[in-house]
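1. A structural model of the following input is requested.
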Amino acid sequence: MHITLRQLEVFAEVLKSGSTTQASQVLSLSQSAVSAALADLENQLGVQLFDRVGKRLVVNEHGRLLYPRAVALLEQTTEIEQLFREDNGALRVYASSTIGNYLLPGMIAGWRRDFPELPLELSVGNSQDVINAVADFRVDVGFIEGPCHVSELVGEPWLEDELVVFAAADAAILRQPVTLESLAAASWILREHGSGTREIVDYLLLSHLPQFSLALELGNSEAIKHAVRHGMGISCLSRRVIAEQLAAGTLKEVPIPLPKLKRTLYRIHHRQKHLSKALLRFLSYCAE
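-> Modelled structure (predicted):
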């Protein structure tokens, strides 16, 4: 068997592009060369990697099995090439909103000062977005606000974080001792489902209330802070997110009759992901 890197590259691009026509344009090959390379690979493996549905190619179970291994080999080849030239590929990082907006920017600024020659791409979404991107090999590493339950991903504890309940400075709930009943009677403004913060708030806080009133679901922590500041309800976010507003007095922490709401932030990567030297250096930098 003589599988070539070109065949694996063609296979991976056909899977991503969805057709030999688009793959040929990306790879600067003729469509017949792409089709021949794919056919040669399938013949050597003795299986079909795609189901032919009309003119469409739909990846099947054999193709899904091969894809992460092919990507890992191609990435290792790229790393070998980069060992001998100054140009290094960009690290692709995806972080959930609290981490991406409030923790990583400072770390990345330090990283860029120390390693200006290594580009880095940061995307921000909710935790489920991050998990999906890591699982699909669209990014090298992800940072999320809770444990990951996907078997093909490796999750490692990264940092500890504290969540706090907060309200507008003149909120009625602050004028009397806070009880589980008064928390249940308040209007809550929460992150959307799929957010790591929402998952932890549901588990550590809302599960202790007899019921709760959901006023709004918002996909952005900044929007939640503004809504709370204007008296639309109370919420629960990372202390890091509202630190400036608490210090300025525009938001007030609501003392709750429960233990501190602690959580662990995680970093995740695909179990079959090749961890390059640049990526390992970045992860070590963030750990420090």
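
2. Can you report phi and psi for the closest residue to Ile144 other than its chain neighbours?
-> The shortest distance from Ile144 to any non-neighbouring residue, by Cβ to Cβ, 6 or more residues apart in numbering, is to Ser127 (4.2 Å). For glycine as for every other residue, the C-beta is placed from the backbone atoms N, C-alpha and C. Main-chain torsions, Ser127, degrees, to the nearest 10: phi -60, psi -40.

3. next one: Leu57
-> Torsion angles at Leu57 (phi, psi; degrees, to the nearest 10) stand at phi -110, psi 120.

4. That one - how many residues pack around it?
-> Close neighbours of Leu57, defined as other Cβ atoms under 10 Å, add up to 21.

5. Which pLDDT value does the model give it?
-> pLDDT recorded at Leu57 is 88.

6. can you pull the contacts of it?
-> Residues near Leu57 by Cβ atoms under 8 Å, 6 or more residues apart in numbering: 14, 18-20, 50-51.

7. again, but for Leu29
-> Leu29 neighbours (Cβ under 8 Å, 6+ apart): 10, 23, 37.

8. Which residue ranges of this structure form strands?
-> In the chain, the segments counted as strands under DSSP state E are 50-53, 56-59, 91-96, 120-125, 141-144, 153-168, 187-191, 213-218, 235-238, 251-253, 261-270.

9. Dump the ones you listed to a markdown table, plus distance to Val178.
-> Shown next, in a markdown table, are those (distance: least, Cβ to Cβ, whole Å):
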| stretch | distance to Val178 |
| --- | --- |
| strand 50-53 | 59 |
| strand 56-59 | 54 |
| strand 91-96 | 28 |
| strand 120-125 | 32 |
| strand 141-144 | 30 |
| strand 153-168 | 8 |
| strand 187-191 | 14 |
| strand 213-218 | 15 |
| strand 235-238 | 13 |
| strand 251-253 | 10 |
| strand 261-270 | 14 |
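
10. Would you map the helices across the stretch 1-150 of the chain?
-> Applying DSSP state H, counting those that start in this stretch to the stretch 1-150 of the chain gives helices spanning 5-17, 20-27, 31-45, 61-82, 97-102, 104-114, 127-135.

11. Any regions of the stretch 1-150 of the chain where pLDDT drops low?
-> 1, 83-89 (pLDDT under 70).

12. Which residue lies nearest the spatial centre of this structure?
-> Val130 (1.9 Å; Cα atoms, centre = their mean).
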